[in-house]
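[1] Predicted coordinates and the sequence they were generated for:
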Amino acid sequence: MPARILDASVRHQPRVAIVDLHGEIDAFTEDVLNAAYTDPDSRGADDILLNFSDVAYVNSSGISLFVSLLARVRKSKRKLLSCGLS
C-alpha cells in the first residue's frame, strides 16, 4: 500500500488554531509541518491544536519533528495541544 503524503489544513477559532493533519508523518513531512505552524504563528493564535484523527502512521522521524515544533511553540509562549491520537 503506498504511503499517504501528509497534508495539513488550518482552521481558526477564537484563540486557537486547529491544524488538521491528513496522511503519514515521517522525515519527509518537515516542510508541510513548518508551513502549518507558520499560519497560526503569523495570526497570533494563543494555542495550536494538532488534530491527528486522519493520520495513519507516525515514525520516529515524525515524532522528532513534533518535538522540534513543541520547542518552537514553547519559545513563543504558546501551548501545543493534540487530539485524535490512536
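    Thanks, I have the structure now.
[2] Show me what residue 80 bridges to in the sheet.
    Note on residue 80: beta-bridge partners residue 48, judged by DSSP bridges.
[3] Can you list the low-confidence ranges for this structure?
    Under the criterion pLDDT under 70, the flagged ranges of the chain are 1-3.
[4] Quick test: name the residue nearest the centre of it.
    For the chain, the residue nearest the mean C-alpha position is residue 50 (4.8 Å; CA atoms, centre = their mean).
[5] Contact partners for it?
    For residue 50, the residues meeting the contact criterion (CB atoms under 8 Å, 6 or more residues apart in numbering) are 19, 21, 66, 80, 81, 82, 83. All C-beta atoms are positioned from the backbone trio N, CA, C, and that covers glycine.
[6] Check whether it sits in a helix, strand or coil.
    The three-state label given to residue 50 by DSSP: H, G, I helix; E, B strand; the rest coil is strand.
[7] the strands in the chain, which residues?
    Across the chain, reading from the start of the chain, the strands by DSSP state E fall at 7-13, 16-25, 47-58, 79-83.
[8] In the third one, which of the residues would be classed as buried?
    What it means is strand 47-58. 48, 49, 50, 51, 52, 55, 58 (16 or more other CB atoms under 10 Å).
[9] Figure out how far that strand is from the centre of its chain.
    Strand 47-58 has its average C-alpha position 6 Å from the chain's average C-alpha position, going by CA atoms, centre = their mean, to the nearest Å.
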